[in-house]
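**Q** Okay, predicted coordinates and the sequence, questions at the end:
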Amino acid sequence: MRRIITFAGIIWFAILLSACQQIAVEEVSYDPTDLRFSGERALAIEAEFVGKFPNRASGEVENREAAEWLEATLTEFGYLCSIDTWEVVNYSRTVPLNNVICALPGDSQEEVILSAHLDQSPFTIEGADDGGSGVAVLVHLAEIIAQEQPWPYTVGLLITDGSLYGSLGARRFVESHPDLGRILGAVVLDNLGHELYEGLSSIPLGQFKRYGSIGLQLTAQEAAAVQDNGWIPKIPEPFMQLRDQIAPLSTDDQGPLIANRVPAIGLAGWASIENRQFLAETRYSPLDTIEGQSAEVLQNSGQAAEGLFRQLQTLEKPLQDRAPYLYFAESGQQLRPGFIILALAAFAVFFFLASYLVGRQEAGGYLDGIITSLPHFLGLWLPILASIFILYLFVAIGLISRYDVYPATYNDPEISQPRVVVLLLWAIALWELLQLGRRLTDLYLQNKAPIAFSQIKSFALVVVGLGAGYLLMINPMSVILLFPLVLWLFIGGRKGAGRLLDIALMLLGASLVTIFLLYLGFEVLGNSIAIFWYFILLVAIQTISFPSALFISALIAAGLSLVIPLPGSRHTAQEHGEVAETAGPAASANS
């Protein structure tokens, strides 16, 4: 087994070492002297918008009035506009949402889209930076663009609703758009005006899957670099790229676009570390007011967005690059997507091979061992699955609120304040289901041939391989979360004190997932240990789909099967073929 691991590791690293390629960046082809964006004008638009329409959270009267004002204003500029109204479920109530969709026909039906969101957090009043600043930049850009028509490509404007609750407006747009393939690029504008911002960030994060085009991010940098104001959108560092591709939990409107293969990028303000906590606390509070907005910051943000728009209008062909990738700014190189997928696929194949080598030693052969160990696995997996259906039941009867996607506001009580009664009821139900599963497994295994630990281990490794294959199909970079499960190869079915070592190896194998969840809770979502409640909530409202829940629960059951002995008085046979002690006359005869 050690030779297999060593050989697989050498091949894996050889694949990665040969995977780098230089990224070619097209030269800027728009004229920087054409830039006309005015920070003072944008600030005036923002002051008018947030002053006329405070408290415009999704579902509020002011929300609809804000949409109507935007439709009228952009129509006056010369755009063809409409309001798309539909309903969603949020906090277990039906909420009407309103997207404003506008178009300015160009020489081609292919589109360049500018987007912002009109809604705000229900925990703020004006929603100046989060919502208002993006709307102001978009409206002023739309004003400039309309004065210079016709453009080579059709100009699309998308002002979304429901952004703070799972990018609902952006999801609605991609679901109803007649042909997403004709979108050359989409620029999503948000959080662009606060006086503490010192630059811009690129946001290439998809919603639940995929990652944004590195070519589009580099295009945004090049388009801003010729403006000499220093506001060049930052591309995430390799670690952040890796983190975001492992778990693409976008809370921004470019997320659904990227998830549906639209070349899209989010532009948002960037602040120094000492100011980030204050901005995070301000964003979803009554402190997010127009007084904190800066004409100079809006000027720099708006010019970067205008430059990117103008550059996209000069493209002769769509940006074709795709994730997964890792881009290194210092060298201008990236790990090629194809090689990354090949390396991750090799990891999945490794577990299938390890499963075969572990299981083939038994007398009945490999497939017989898989079938023989299935009841032990099902006795653990089916109870966990049943507990997932109990979570669905909790939603149906109102113990957990219903959502179309998820509650996405960081300080939303649904996320930060776990429902202790719900957790307690679920934990009791899970325990009882596991006990029932053990009893049924024991009854089934009566008078059956003993199960060797190598057979149980072989089956668990197959589950890991299948899980890696599933992740390869939906979000390849997430396979990295399974890397520590290599430690499961060293679990030996030990007894007595040795079982503690096996349990430690099982838990260490799952450590990366736990550490990653804690990192998301403390550093990304800001809801600390409540991340585990949030995860349960996502399962309950099926943001984590049932197929994904099947995969997660199967991995948990596979790990438990390696350290939980067979039920009743039955024990596994040892690796070298020693027959286990079993209950019943037939088992004694077999012994």
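**A** Yes, it's here.

**Q** any residues touching stretch 242-252, and which ones?
**A** Applying C-beta atoms under 8 Å, 6 or more residues apart in numbering, the contact partners of stretch 242-252 are 163-164, 166-167, 188, 190, 203-211, 236, 255-256, 258-259, 266, 268, 323-324, 326, 408, 475, 477-478, 480-481, 516, 519-520, 524-525. Quick note: C-beta positions are derived from backbone N, CA and C, even for glycine.

**Q** are any of those buried, and which?
**A** Among the contacts of stretch 242-252, those buried by neighbour count (16 or more other C-beta atoms under 10 Å) are 163-164, 166-167, 188, 190, 203-211, 236, 255-256, 258-259, 266, 268, 323-324, 326, 408, 475, 477-478, 480-481, 516, 520, 525.

**Q** Restricted to helices, list those residues.
**A** G255, P256, I258, A259, F516 (DSSP state H).

**Q** Among those, give me the pair with the biggest separation.
**A** P256 and F516 (23.1 Å; C-beta to C-beta).

**Q** which residue ranges form the helices in the stretch 51-200 of the chain?
**A** 61-77, 134-146, 168-176 (DSSP state H, counting those that start in this stretch).

**Q** Tell me which other helices or strands the longest helix belonging to the chain touches.
**A** Under DSSP H, the helix in the chain containing the largest number of residues is helix 366-397. Packing partners of helix 366-397 (3 or more C-beta pairs under 8 Å, 6 or more residues apart in numbering; DSSP states H and E): helix 337-359, helix 420-445, helix 453-474, helix 531-540, helix 546-563.

**Q** Need those helices in TSV (columns: distance to A224 and mean neighbour count).
**A** Below are the helices and strands packed on helix 366-397 laid out as TSV (distance: least, C-beta to C-beta, whole Å; neighbours: other C-beta atoms under 10 Å):
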stretch	distance to A224	mean neighbour count
helix 337-359	26	19
helix 420-445	47	15
helix 453-474	34	22
helix 531-540	35	20
helix 546-563	38	19
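
**Q** what about those helices, which gets the closest to I491?
**A** Going by C-beta to C-beta, the one of the helices and strands packed on helix 366-397 nearest I491 is helix 546-563, 4.8 Å.

**Q** How about residues contacting that closest one?
**A** Contacts of helix 546-563 (C-beta under 8 Å, 6+ apart): 373, 376-377, 380-381, 384-385, 388, 456-457, 459-460, 463-464, 466-467, 470-471, 474, 482, 485, 488, 491, 493, 499, 502-503, 506, 509-510, 539, 544.

**Q** Check the offset of it from the chain's centre.
**A** 20 Å (C-alpha atoms, centre = their mean, to the nearest Å).

**Q** what does stretch 39-55 give?
**A** The gap between where stretch 39-55 is centred and where its chain is centred comes out at 32 Å by C-alpha atoms, centre = their mean.

**Q** Can we start the residue count at 329 from this point?
**A** Yes, from this point I'll number from 329; that puts the last item at stretch 367-383.

**Q** got the CA coordinates for it in CSV?
**A** This file holds the C-alpha atoms of stretch 367-383, laid out as CSV (Å, rounded to 0.1, in the frame of the first residue of the first chain):
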residue,chain,number,x,y,z
GLY,A,367,-17.9,61.0,-9.4
GLU,A,368,-19.9,64.2,-8.5
ARG,A,369,-22.7,63.2,-10.9
ALA,A,370,-22.7,59.6,-9.5
LEU,A,371,-22.9,60.9,-5.9
ALA,A,372,-25.8,63.1,-6.8
ILE,A,373,-27.6,60.2,-8.4
GLU,A,374,-26.9,58.0,-5.3
ALA,A,375,-28.2,60.8,-3.0
GLU,A,376,-31.4,61.1,-4.9
PHE,A,377,-31.9,57.3,-5.1
VAL,A,378,-31.4,56.5,-1.4
GLY,A,379,-33.1,59.7,-0.3
LYS,A,380,-36.3,58.9,-2.3
PHE,A,381,-36.3,55.1,-1.6
PRO,A,382,-35.1,54.2,1.9
ASN,A,383,-36.2,50.9,3.4
